[in-house]
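# Return atomic coordinates for the entry below.
(chains A, B and C, ligands or ions: 2)
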Amino acid sequence: MTQEPVLEIRDVVKQYGDVRALGPVGISVREGEFLTLLGPSGCGKTTTLHIIAGLTNPTEGSVSMKGRDITALEPPQRDMGLVFQNYALFPHKTVFDNVAFGLRMRRVPKPEIKERVERVLEVVGLPGIGSRYPSELSGGQRQRVAVARAVVIEPSILLLDEPLSNLDAVLRKRMRLDLRNIQQRLGITTIFVTHDQDEAFEMSDRVILMNKGGIEQSGPPEEMYDRPESRFAAEFIGEANLVAGEVVEVGQGELKVKVAEAIFTAPAGKMTVAQGDRVTVMVRPERVEVSKTPISGGNTLQGKVSSRVFSGDQVSLTMRVTEDLELLCSKPSTALYRGFDIGDPVWISADDCWVLPRVDTRKGGAA
Amino acid sequence: MNTSGRLFSTFLFSPIGIVYLLFLLAPIGFFLSMSLFRYDAFELYVPALTTENFERVLTDGYYQEIIFRTLKIAFLTSLFSLLLGYPLAYFLARSRTQWRGILMFLVIAPLMSGIIVRTYGWIVLLGSDGAVNKTLISIGLIDQPVQILNTETAVLLALVHILMPYMVFPLFSSLASQDPDVERAAGTLGAGRIRTFLEVTLPLSRTGILMGSALVFTLSAGSVVTPALLGGKDVQMLGQQIYDLVLTTLNWPLASAVAFVLVLCQFSIIALYFRGGRHGPA
Amino acid sequence: MTTQQNSSGSSFHAARRSRITRQIVMGVTVTAIYAFLLTPILIIILSSFNTTSANTFPADGLSLQWYREFLESPSFLAAFQFSAWLGVVAAVGATVIGFLTAYGIIRYVGSYREVAQSIAMLPIMVPHILISISLLILLTVLPIPELAGLIIGHIIICLPFTVAGILASLDGVDPQLERAAWTLGASRLRILWEVVIPLVAPGLFSSLIFAFIISFGDVYIALFLSGPGMTTLPIEIFSYMQWESTPVIAAITTVQIIMIFGLGLIIERLVGLRQIMRI
Ligand SMILES: Nc1ncnc2c1ncn2[C@@H]1O[C@H](COP(=O)(O)OP(=O)(O)OP(=O)(O)O)[C@@H](O)[C@H]1O
Ligand SMILES: [Mg+2]
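Ligands and ions are numbered 1, 2, ... in the order given. Got it, this is the predicted structure:
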């Protein structure tokens, strides 16, 4: 069933003088969805969020909510809750007054304000701290207050701008789950901004990968990971071996690609290629199989272990296949894989691979 | 910006806009343009174009002397303010002493106490029974009180005292915003203290020097009260002329011409300062 | 003050000696400049306790007679009261207008901030006597009461200082807070009231005090614009001094100095006087 999107931005461009910060981009958000904007610093995530919230006017394009064009509306007329990267809690107001602020602006009666603020503070796990000032809270508590302040007004859409980036690593992991729980409990449509791929994958229903002011690719986390459509997507999301290859045969939903001296079989994907085209083959390091004994069949290569990195739960092996082809392989830290040593001859198989268009002529290798 | 943003910024700027346009720029423009009007004993001024006011101001030896004196005093005031204000601003910007707050307060406090208060202080100090004369007599340097009041020296002393804080502010901001590492870097490159000061600190504080000098020059050239009280009849400056012409003689067109000359002098001096100092980075 | 790392013992002592010499020279210079700045003020305070009527110094004896004379002089008292009243009105006006302007400059002019700031500083670039005369002449043309002219004149000369001071305070306000309030539904005006003003309240209060002080000490605007029944204290003193000069002036100015020092200390407490020095 296709639902009408709650929010839709079309052909939005943001120009600062001669510099194009964003666009053109189009995004549509479904009811109740947890959507993540993922991308490196400066790619336009905050700009997108601020255009949605009405804090920034787009140079071109439109924003509409539930079918109504809201491009010209100012933030107070839009129904959005925004959580800022540095939380932006009012330092001169108590936690209660911070959270109550949006309700007061909406002229909610006092007793109801009190009830709703207390309820939301409970939802975010901070009951009974209403009389404190933001300066008397820990980083994690401030973050929750910021979320509480944004959701208490029951906005149609919750916008979160890297809300976890100011927290320490441990708290960050815990808050991911908490945030996702709060979101699901309230059933609120959410757009989340981050440059952290793990965060994006753990929390979202759908991820939009941005780069240099444009959208690189979007889809559910698994799809983004398994079937990146560009070298940038493959490299930004997780680790990838990117290997140069040449198409030797185009079959039914399948491609045969020559990599080094071997022939690889890979799914054709959305790409249209012809025989003789140069492509890039991607293999995720955890899907590379290694063996000390010969393996036969397709998608196999032969090489030598050139480096070995032990990191507790994992062992990473780099294997040199030819002069300019190296493959990285990450494996669980079991006796089997710990047994590989530098210099050992190995047979490598990469059944689970994916073909990308060749963007640059860089020779393959561990990315 | 959208309509309501523009509306709001109009709301923010219109009070100052109205005040400055209606009560500052328009009246000053009107007053200065009066210099081209004809003086009339009954109507005060008749809007008939004439250059007679300017001719009078520029050719009359009386006015020439006053213009020259005003420029001289204003120049010397800004020079001495700079000489005294620079070490003070440098000290305030670089010192790490715990007394810094109080020391800054002591620079601002005289400024806040108003012109009359400070001018009065100088009358008490410089009078024939004043502290200066008494001290000089008691240490035997002189045996008769010397005349200090009603001289240019008295006016200059008081003006430097009154206006020096205006020199210290811009100097302080430009010195305080300098990265002290730049001076240290010059030190590590082998420049001595004086060399570092001349080649690094001084050029970098040029904006402050220009701002301060222009400000002090303007304010001293336009002073009325201090020369009136400390300079007496003999040390007339342009400000007093304007005052007398406006309130006593009621010759507004001539007052306007004198004021015009004053403003012109100020602006050309300011322009000169900034032109002379325009080389190199700001 | 860093000394060279590789200094041997004797050059270390030489460096130390030259540093001490430098500090002494600096100390003496700065002390002398302060003496120059403060002596006239100290002299006034001391001579206000004089017994004789001449402006002699040192005093011949101690008395409070000049303070009594001040308190018994209806014209000085009236002038003092009028100046205080005028100072409050001008300070409120200059602070309100200064706040709106400073906020506009910091949030609504973008990269034209420098230009806007210089325009706001205009009145300190123009001789005050010119401002005052021009206003006087405007009053002969337009039907504006003299009192209004005086108040406006004082607001004009205070504005550069209130704008600069409040700008400095606003620089410390995180613009995200205003954005946050905006997304929560507050109108632009409401944001000022709920977020910005509370955050810069100390700056606003010190701007009020500073403007009051400037207005209270002004001579030039009042020189042309004060009329009968609206004579400010400096003008009253000025006209008195043109005829005679007794320590009653010292007593009045001492009262004024003490008041201004007190107010100045409040500013220092609130925002630090450093902010005022950033004109
Ligand atoms: N006010 C502005 N003026 C000019 N350029 C701007 C402005 N705001 C943002 N930009 C530019 O627009 C681009 C996108 O900025 P944006 O803040 O959206 O990035 P981001 O993806 O949120 O980055 P980060 O992860 O660092 O927060 C950047 O290159 C930035 O330099
Ligand atoms: Mg951002």
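
# okay, now the domains of the chain?
Here I'm looking at chain A. Using automatic domain parsing, the domain parsing of chain A gives A:5-231, A:239-357.

# Not quite, go with chain C.
C:1-47, C:68-276.

# okay, the ones you listed, which one's buried deepest?
Compared across the domains of chain C, domain C:68-276 shows the largest average neighbour count, a mean of 20 (mean count of other C-beta atoms under 10 Å in any protein chain shown). (Each C-beta comes from the backbone N, C-alpha and C, glycine too.)

# do it and ligand 1 meet?
No. Using C-beta under 6 Å from any ligand atom, domain C:68-276 stays clear of ligand 1, with a minimum separation of 8.8 Å.

# so which helix or strand takes in residue A:266?
When secondary structure is defined by DSSP states H and E, residue A:266 falls within strand A:262-267.

# Likewise for residue B:174?
Short version: residue B:174 belongs to helix B:152-176, going by DSSP H and E.

# where do the strands sit along the stretch 1-150 of chain B?
B:38-40, B:44-46 (DSSP state E, counting those that start in this stretch).

# quick one on the thing from earlier: quick one: residues in contact with the helix or strand just after the helix holding residue B:174.
Counting by DSSP H and E, the next helix or strand C-terminal to helix B:152-176 is helix B:180-188. Helix B:180-188 is contacted from outside by B:94, B:193, B:195, B:196, B:199, B:200, B:201, B:204, C:2, using C-beta atoms under 8 Å, 6 or more residues apart in numbering or on different chains.

# so where's the chain uncertain?
Assuming you mean chain A. Low-confidence segments of chain A (pLDDT under 70): A:1-3, A:359-367.

# nope, chain C please
C:1-11, C:53-61, C:271-279.

# In it, where's the longest helix?
helix C:9-47 (DSSP state H).

# who does that helix touch, helix- and strand-wise?
helix B:61-94, helix B:100-112, helix B:115-126, helix B:152-176, helix C:247-270 (3 or more C-beta pairs under 8 Å, 6 or more residues apart in numbering or on different chains; DSSP states H and E).

# Between these, which has the poorest mean confidence score?
Mean pLDDT values for the helices and strands packed on helix C:9-47 show the minimum at helix B:100-112, a mean of 78.

# Flag every buried residue along that helix.
B:104, B:105, B:106, B:107, B:108, B:109, B:110, B:111, B:112 (16 or more other C-beta atoms under 10 Å in any protein chain shown).

# quick check: angle from it to helix B:115-126?
Note on geometry: by axes from the mean of the first three to the mean of the last three C-alpha atoms, to 10 degrees, helix B:100-112 and helix B:115-126 are set 90 degrees apart in direction.

# ok, back up a step: so which of the helices and strands packed on helix C:9-47 gets nearest residue C:168?
Nearest of the helices and strands packed on helix C:9-47 to residue C:168, taken as C-beta to C-beta: helix B:152-176 at 10.5 Å.

# Is the closest one in proximity to chain C?
Yes. Shown here: helix B:152-176 in contact with chain C (C-beta under 8 Å from any C-beta of the partner chain) through B:161, B:164, B:168, B:169, B:170, B:172, B:173.
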